[in-house]
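**Q** Here is my input, please return the structure:
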Amino acid sequence: MLVFGATGYIGSHLVPRLLREGCTVRASGRNRRTLEARGWHGAELVEADALQPATLGPALQGVDTAYYLVHSMAAGSHFGALDVEAAQNFAAAAAAAGVRRIVYLGGLIPAQPTSEHLVSRRDTGVCLRQGRVPVTEIRAGIIVGPGSAAYEVIRDLVNHLPLMVTPRWVDSKSAPIALTNLIEYLVRIPHIEEAAGLVLDAAGPDYISYREVMLTYGRIVGKKPIIVSVPFLTPTMSSYWLGLVTSVPASIARALIGGLKHDLPADNAPLQRLVPQRMLSFQESVEAALQAERQHQVAARWTEGLLMFRGFSIDNAFYAKRAGGSAETTAAPEAVWRVVSTLGGHNGYFYAGFLWWVRGFLDWLVGGPGLTKGRRHPTELRLGDRIDYWTVLGVEQPHRLTLNFGMRAPGSGVIEFDIEALPGGRTRVAVTAYWHPQGVWGLMYWYVLVPAHLFLFKGMTAAIARRAEALEGAPGALPLT
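**A** Next up, the predicted model:
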């Protein structure tokens, strides 16, 4: 089985489930390093992009069933045209490779969709069905699970806004489905011959408004939001507003908002007849999602989603804001690592030391550890080590170092050093800050500090590159402080 779009939200949950079922799985994504970071032992990993047709043949070779789980919402405006092009390319390549079945996960579609998001989901299915390979299209509405964009928007709003002024779409209705129920459908449907060529709705038992969704979530987590709908907030205005109060990527939030003005009814009976299972109510779905997080069962990117990267607080946003910088050097990755591994303590942070001190001093003023200095060993690192006010969360010598931010702030943060060997004997060192904001104050904190982060990380990576080059010129020497 090919899971095309394996590193996306659904793919990240589907691949491990298929592996547990004993299936032979080929996981495809646009970036092999991202695939490798998932740790899917037993899955074949392949790099492919539906917008680059030449990459599709190797990915589809010998495949019986192909799950098509990609979309271009994050690409911004005109993503619909990209989705159509990608679907056409994939349908043609699947036919050429002799694939038996395509399983496509789309979205619930109203009778007359007007949003680009819903039109794109519909047109993608149409393009796939125009190919020679039989397609089973499963259409789902709100997916209730950690990391689902729609669910995370709801969670951010309820957790951090006691009073919400919303557009009329808050009273539109949909049929949310639990992530576990949807994955069960996806796992079972390729084995049912009768499902070939069908378009099937996947929905939970509750057909409820977004207002009811937020109020129900609030009851579960002990929040009582006041929701006031007004007629003058358009979907476009709403999308910009959401960008200020949630951490869901703005391009995805804008795409989702456009479809919220529609009621999205669903008929789950045909799919339930083919794949019988007990469907969770919306309340049960939320409770299952929260329990999965508490038990660390979330399939998430390295620095996103997992509670350990969110300060073990479900109030901190699932999606991370990020800022970073990078530099290239002629030094080998091992030399760059030797520099990075001396971070903190008497070595400081390689660039603009006064700014680091000012931030630490401000933290110290409010009772935080910002002026703490020191580390266990001047050059060696291991999990759990303290470096000043940082804690080592990940060590992959000589490629990656991940540190947890320890100062007081409205949210939780991680900084990651990534070292990559490039063609021609060069090395790239990148530093990226990931910030999981806690509500509006956490987002404001982030936006205020973004310019400083960009300035610091650009200078920091350049300084690391210079020190690594100097280090190679003097074997055995430590970087100068």
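**Q** Would you map the strands across the stretch 251-400 of the chain?
**A** Taking DSSP state E, counting those that start in this stretch as the criterion, the stretch 251-400 of the chain contains strands spanning 321-329, 386-387, 390-396, 400-405.
**Q** which one of those lies closest to Leu422?
**A** For the strands of the stretch 251-400 of the chain, the distance to Leu422 is smallest for strand 321-329, at 6.9 Å, taking Cβ to Cβ. Just so you know, the C-beta spots here come from the backbone N, C-alpha and C atoms, and that holds for glycine as well.
**Q** Partner strands of the closest one, with direction?
**A** With DSSP bridges as the test, strand 321-329 is paired with strand 427-437 (antiparallel).
**Q** where exactly do the helices run in the stretch 201-350 of the chain?
**A** Secondary structure of the stretch 201-350 of the chain (DSSP state H, counting those that start in this stretch): helices at 210-221, 235-245, 250-258, 269-274, 282-294, 333-340.
**Q** In terms of mean pLDDT, which of the ones you listed ranks lowest?
**A** Mean pLDDT is lowest for helix 250-258 among these, at a mean of 64.
**Q** tell me what the helix ranked longest in the chain is packed against?
**A** In terms of residue count, the longest helix belonging to the chain (DSSP state H) is helix 439-473. Helix 439-473 is packed against helix 149-160, helix 235-245, strand 321-329, helix 333-340, helix 353-365, strand 411-421, strand 427-437, with contacts defined by 3 or more Cβ pairs under 8 Å, 6 or more residues apart in numbering; DSSP states H and E.
**Q** Can you list the buried residues in the first one?
**A** Within helix 149-160, the residues that count as buried by 16 or more other Cβ atoms under 10 Å are Ala149, Ala150, Tyr151, Glu152, Val153, Ile154, Arg155, Asp156, Leu157, Val158, Asn159, His160.
**Q** Could you say which helix or strand holds Ala66?
**A** Per DSSP states H and E, Ala66 falls inside strand 65-68.
**Q** Output that strand as PDB, nothing but the C-alphas.
**A** In PDB, the C-alpha atoms belonging to strand 65-68 read as follows (Å, rounded to 0.1, in the frame of the first residue of the first chain):
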ATOM      1  CA  THR A  65      -3.800   0.400  -3.300                       C
ATOM      2  CA  ALA A  66      -2.800   4.100  -3.200                       C
ATOM      3  CA  TYR A  67      -4.100   6.400  -0.500                       C
ATOM      4  CA  TYR A  68      -4.200  10.000  -1.900                       C
END
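**Q** Which helix or strand lies directly C-terminal to it?
**A** That would be, after strand 65-68 and using DSSP H and E, helix 79-97.
**Q** roughly how far is the helix or strand that that following helix is followed by from the heart of the chain?
**A** Sequence-wise, the next helix or strand downstream of helix 79-97 (DSSP H and E) is strand 101-107. Centre-to-centre, strand 101-107 and its host chain are 21 Å apart (Cα atoms, centre = their mean, to the nearest Å).
**Q** If you count contacts, what does strand 101-107 end up packed against?
**A** Contact partners of strand 101-107 among helices and strands, from 3+ Cβ pairs under 8 Å, 6+ apart: strand 65-68, helix 79-97, helix 116-129, strand 135-140, helix 179-188.
**Q** how about a cut-off of 10 Å?
**A** strand 2-4, helix 9-20, strand 65-68, helix 79-97, helix 116-129, strand 135-140, helix 179-188, strand 199-202 (3 or more Cβ pairs under 10 Å, 6 or more residues apart in numbering; DSSP states H and E).
**Q** and stretch 264-275, how far apart are its ends?
**A** Start and end residues of stretch 264-275 are separated by 22 Å (Cα to Cα, to the nearest Å).
**Q** Any buried residues in that stretch, and which?
**A** Within stretch 264-275, the residues that qualify as buried are Leu264, Ala266, Asn268, Leu271, Gln272, Leu274, Val275, counting by 16+ other Cβ under 10 Å.
**Q** How about the fifth one, nearest residue that isn't a chain neighbour?
**A** By that I understand Gln272. Leaving out its chain neighbours, the residue that sits closest to Gln272 by Cβ to Cβ, 6 or more residues apart in numbering is Met279, at 7.4 Å.
**Q** Nice, that's everything, thank you.
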